[in-house]
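K.L.:
model the following, please.
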Amino acid sequence: MCKFFKGLCGTGAWCTFDEFNRILVEVLSVIAMQINEIMDAVKQNKSSFTFFGFEDTKIITTCFIAITMNPG
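P.N.:
The predicted structure follows:
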């Protein structure tokens with residue numbers, strides 16, 4: 001997922017994760033932390049940031065992550 005997110009940041013692309021609640025809680029926790037780091041960099045309008053140990057990760061602030069969760 002880390003490489004996927006780095007590619008997303010570097011291209012400024014959008015992605016959607018559907019039925020996110022089906023992921024194991026342990027995995028969900030790590031992915032949520034990664035998304036939080038990305039969104040913080042976008043909010044601060046940075047051009048690069050440190051992403052899970054990868055220094056100077058380039059980010060185009062048009063990148064966007066949408067998440068859907070189904071009840072049940």
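
K.L.:
buried ones in stretch 56-72, by neighbour count?
P.N.:
The neighbour-count check on stretch 56-72 (16 or more other C-beta atoms under 10 Å) flags 57, 59, 63, 65 as buried. Backbone N, C-alpha and C define where each C-beta goes, glycine included.

K.L.:
show me the contacts for the first one.
P.N.:
Taking C-beta atoms under 8 Å, 6 or more residues apart in numbering as the definition of contact, the neighbours of residue 57 are 6, 9, 10, 48, 49, 50, 51.

K.L.:
try the last one
P.N.:
For residue 65, the contacting residues are 8, 14, 15, 16, 17, 35, 38, 39, taking C-beta under 8 Å, 6+ apart as the criterion.

K.L.:
any idea which helix or strand comes after the lengthiest helix in the chain?
P.N.:
Ranked by residue count and defined by DSSP state H, the top helix of the chain is helix 25-43. Sequence-wise, the next helix or strand downstream of helix 25-43 (DSSP states H and E) is strand 48-51.
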